[in-house]
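Enquirer: build me a structure from this.
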Amino acid sequence: MSKGKVLMAMSGGIDSTMASLLLHEEGYEVIGLTMKTWDYASAGGSKKETGCCSLDSINDARQLAVDCGFPHTILDIRDEFGDYIIDNFVNEYIAGRTPNPCVLCNTHIKWEALLKRADMLGCEYIATGHYAQIRKLNDRYVVSKGLDESKDQSYVLWGVTQECLKRTIFPMGKFHKKDIKQMAIDRGYVQLAQKSESYEICFIPDNDYRGFLKRRVKGLEEKVKGGDFVSIDGQVVGKHDGYPFYTIGQRKLGVSLGSEPTYVVGIKEKENIVVVGTKEDLKKQEMFVKNINYVKYSKIEDGTQLLAKVRYKHSGEMATIYNEEGNLKVLFHNKVHGIAPGQSAAFYDGEDLVAGGFIMKN
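Expert: Modelled structure (predicted):
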């Protein structure tokens, strides 16, 4: 007897493939859906298209569905993806911030697209291959870390709404990646288990975001080149290629402040200045976060102590949280390095994701 009808987001990779297999074996009526978000060739890139939008990945997802006997469809969302995600990506760099396109895509594109098609197809649930877990706690749906902490993806899910979460299933959350690979081998999908994973942004498979910006914004390079590298005490120490081509924490800048390595510690976009300093200068004790989405609780009380993560691979640092004019003021108990405006901050209570938002410029 069917456990219900589920629309499974299939990228062609091992995680979403095995998630669809597990749901199928558990008795769900699965419909596979692969989203075409980006056509890299249209951006003038030099590398062959790879990852979730490539023809190979789409074909892999379709073949798995055929093997299991459940339907599969391709959804072209390039227009809605491009207008929102690409424009935001470019605008954030132009504003001197470091964008977080995967979080934005999850929040505003993928889940909304999945829910809309799920309703059209009569599916009660949607599912993805993310390594995270979900449960209902009182009247809220709570995301928590995946069992395999080295693969945990709860950080990129802070923006998913309660409306979306109440219909979401994360089959990968209770497994370790090594076990998923073994399951694939045991089921005869050896090549899938050996398939390399892509960690690049889907629309920049060559990982050259500077080249992408130059192609996307005509005349950008000429407009911003020749700005100053300035030390934190105001001394000009060199010339840079243009502030949008630098991010907080970046090294190997071609300038030196002495014997210590030199890092980007700040960006002043209006003056086309890149501020540089030492690793110690990168450390901050305070940050402000905007566009808050609450997950575990409907609000965070002033003085609440939570673990705050400022990037995907950050292990997190304890902080005391305060509300300030609709934003969150975060006071770390120990200084944190590499806090980049535009990136996401995610807050945890133990294993549970409490809330998240975008880091503001101080």
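Enquirer: ok, residue 125 touching residue 9?
Expert: No: between residue 125 and residue 9 there is no contact under Cβ atoms under 8 Å: 11.4 Å. Every residue, glycine included, has its C-beta placed from N, CA and C.
Enquirer: between the two, who's got more neighbours?
Expert: residue 9 (24 against 20; other Cβ atoms under 10 Å).
Enquirer: what's the distance between the residue nearest to that one when sequence neighbours are not counted and residue 110?
Expert: Among residues not flanking residue 9 along the chain, residue 128 sits closest, at 4.7 Å (Cβ to Cβ, 6 or more residues apart in numbering). Going from residue 128 to residue 110 by Cβ to Cβ, to the nearest Å gives 8 Å.
Enquirer: what's the residue nearest to residue 9 sitting at in phi/psi?
Expert: Main-chain torsions, residue 128, degrees, to the nearest 10: phi -140, psi 170.
Enquirer: neighbours around it, how many?
Expert: Residue 128 has 25 nearby residues by other Cβ under 10 Å.
Enquirer: before we move on, what about residue 348?
Expert: By other Cβ under 10 Å, 23 other residues sit near residue 348.
Enquirer: again with residue 147
Expert: Residues contacting residue 147 under the criterion other Cβ under 10 Å number 18.
Enquirer: what sits against the nearest residue to it once chain neighbours are set aside?
Expert: Counting by Cβ to Cβ, 6+ apart, residue 174 is the residue found nearest to residue 147 once chain neighbours are left out, at 5.4 Å. Neighbour list for residue 174: 133, 146-147 [criterion: Cβ atoms under 8 Å, 6 or more residues apart in numbering].
Enquirer: low-confidence ranges in this structure?
Expert: Filtered on pLDDT under 70, the chain yields the residue ranges 1, 39-54, 198-199.
Enquirer: which stretches in it count as helices?
Expert: In the chain, the helices defined using DSSP state H lie at 14-26, 55-68, 78-81, 87-94, 101-105, 111-121, 162-165, 177-186, 190-194, 209-216, 220-224.
Enquirer: can you give the distance of the fourth one from its chain's centre?
Expert: Mean-position distance between helix 87-94 and its chain equals 15 Å (Cα atoms, centre = their mean, to the nearest Å).
Enquirer: when you give positions from now on, start the count at 29
Expert: Will do, 29 is the new start, and the previous item becomes helix 115-122.
Enquirer: other SSEs contacting that helix?
Expert: If you count contacts as 3 or more Cβ pairs under 8 Å, 6 or more residues apart in numbering; DSSP states H and E, helix 115-122 packs onto helix 129-133, helix 237-244.
Enquirer: most packed of those helices?
Expert: helix 129-133 (a mean of 21; mean count of other Cβ atoms under 10 Å).
Enquirer: which neighbouring elements make contact with it?
Expert: Helix 129-133 packs on helix 115-122, going by 3+ Cβ pairs under 8 Å, 6+ apart.
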